[in-house]
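Participant: This is the structure alone, sequence omitted:
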């Protein structure tokens, strides 16, 4: 089978954010190469198709390749992460089977405010929050308890997250909101900081998804806050990185395992995720609070989803094979209908 692995090229200058944000963006090609290598081991013909500044060139490259399937790793368009759903919609319109979640699911989960509203409406626990639109002064909701965490409302990969993201007073709250708004030019999410155990829950599947073994993020006591910062995720020479370790499978009781898995699975189904996704959860006093649902997580061999897959008995090529099988099955079901 002829498969195109699509991924993002990084623009020479990011349109927003911090200068260090390039680190996570520049990992896209390495991720695509890893997926391509796994597909070749499975006997497929592979071409890597980068999405740069020209949509026309991207479409032309795909059409010339005459592929049977697109493995979609795109997380936006030319530095604009909020166009992640648009790229998936374009691929859908081209009519070629495509891996990953639908454009609608990607659009909803990219927006943390909208995601939280849906979770709350369906009785799923998530930290209390407000969304601030603009950098003007605002009144903190008195129902929110300190400390609070401030983050961009429509980013992932821990963009905009550092130790200073957790605030404990009005002055630092307003300063951080203003900083995030100016840097990332979008709404700002302010939510209660949940001081509990943090779990990454990876899932595979469509109608009957499988919850993979839980991974727990363990934070060194030297860190000011238990927090997966941008540096802790991407900058290997930083104290945040060395102080943030992962245990997979996580050591949890039967009840804790059930609580975390159950709420992650319910969120996955509610938001319409398919093929694969990751749900980040903080467990405090027996309540599994959903922090984020990432419908297009990093699937590099050393990333969280692949780690959980290995703990569940799937090596990397087997994981990639499961994903393409699900995409092809959708194509078959569509033709049968």
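Facilitator: Looks like it came in fine. This structure is a prediction, so every number in the text was calculated from the model and none was measured. Numbers count the residues shown, from 1 in each chain.

Participant: so where does residue 85 fall, helix or strand?
Facilitator: Assigning secondary structure by DSSP states H and E places residue 85 in helix 84-94.

Participant: Name the residues of the helix or strand just after that helix that come out as buried.
Facilitator: Toward the C-terminal end, the helix or strand that comes next after helix 84-94 (DSSP H and E) is helix 103-110. Neighbour-count burial for helix 103-110 flags 103, 105, 106, 107, 108, 109, 110 (criterion: 16 or more other Cβ atoms under 10 Å). Backbone N, C-alpha and C define where each C-beta goes, glycine included.

Participant: Off-centre distance for whichever helix or strand comes after helix 103-110?
Facilitator: Downstream of helix 103-110, the first helix or strand assigned by DSSP H and E is helix 112-121. Chain-centre distance of helix 112-121: 16 Å, with Cα atoms, centre = their mean, to the nearest Å.

Participant: Format the buried residues of helix 103-110 as CSV; extra columns: pLDDT and distance to residue 48.
Facilitator: Formatted as CSV, these follow (pLDDT from 0 to 100; distance: Cβ to Cβ, whole Å):
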residue, pLDDT, distance to residue 48
103, 98, 22
105, 98, 25
106, 98, 21
107, 97, 25
108, 98, 29
109, 98, 26
110, 97, 24
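
Participant: Tell me the one of those nearest residue 181?
Facilitator: Ranked by distance to residue 181 (Cβ to Cβ), those are led by residue 110 at 17.5 Å.

Participant: what sits against the closest one?
Facilitator: By Cβ atoms under 8 Å, 6 or more residues apart in numbering, the contact set of residue 110 is 81, 82, 84, 85, 154, 156.

Participant: For the nearest residue to residue 101 once chain neighbours are set aside, give its distance to residue 105.
Facilitator: Among residues not flanking residue 101 along the chain, residue 295 sits closest, at 4.2 Å (Cβ to Cβ, 6 or more residues apart in numbering). Here the criterion is Cβ to Cβ, to the nearest Å. By it, residue 295 lies 5 Å from residue 105.

Participant: who touches both of the two?
Facilitator: 271, 273.

Participant: Sketch out the helices for the chain, chain order is fine.
Facilitator: 22-25, 28-41, 55-65, 84-94, 103-110, 112-121, 170-184, 230-234, 239-242, 254-270, 304-311, 316-336 (DSSP state H).

Participant: Of those helices, which is nearest residue 9?
Facilitator: Of all those, helix 28-41 comes closest under Cβ to Cβ, at 7.7 Å.

Participant: okay but residue 309 is in contact with residue 211, surely?
Facilitator: No - contact between residue 309 and residue 211 fails when scored by Cβ atoms under 8 Å: they sit 11.6 Å apart.

Participant: okay, and the common contacts of the two?
Facilitator: In contact with both residue 309 and residue 211: residue 202, using Cβ under 8 Å, 6+ apart.

Participant: between those two, who's got more neighbours?
Facilitator: residue 309 (24 against 20; other Cβ atoms under 10 Å).

Participant: Would you mind measuring from that one to residue 159?
Facilitator: Distance from residue 309 to residue 159, by Cβ to Cβ: 25 Å.

Participant: For residue 238, grab the count of nearby residues.
Facilitator: 16.

Participant: Disregarding residues adjacent in the polypeptide, which is nearest to it?
Facilitator: Per Cβ to Cβ, 6+ apart, closest to residue 238 is residue 231, 4.1 Å.

Participant: State whether the one you found and residue 242 are indeed in contact, as I suppose.
Facilitator: No - under the criterion of Cβ under 8 Å, residue 231 lies out of contact with residue 242, with a separation of 10.1 Å.

Participant: Looking at the two, which has the bigger crowd around it?
Facilitator: Each of residue 231 and residue 242 has its neighbours counted (other Cβ under 10 Å); residue 231 has more, 21 against 14.

Participant: ok, that one to residue 162 distance?
Facilitator: 7 Å.

Participant: And for residue 139?
Facilitator: 25 Å.

Participant: who has more neighbours, those two?
Facilitator: Neighbour comparison, residue 139 and residue 162: the larger count goes to residue 162, with 16 against 7 (by other Cβ under 10 Å).

Participant: Need the nearest residue in space to the more buried one, chain neighbours excluded.
Facilitator: residue 229 (5.0 Å).

Participant: Equivalent analysis for residue 214, please.
Facilitator: Per Cβ to Cβ, 6+ apart, closest to residue 214 is residue 250, 4.2 Å.

Participant: nearest to residue 13, of the buried residues of helix 103-110?
Facilitator: Checking those one by one against residue 13 (Cβ to Cβ), the nearest turns out to be residue 110, at 22.2 Å.

Participant: Mind splitting the protein into its structural domains?
Facilitator: 2-98, 124-192, 197-214+249-336 (automatic domain parsing).
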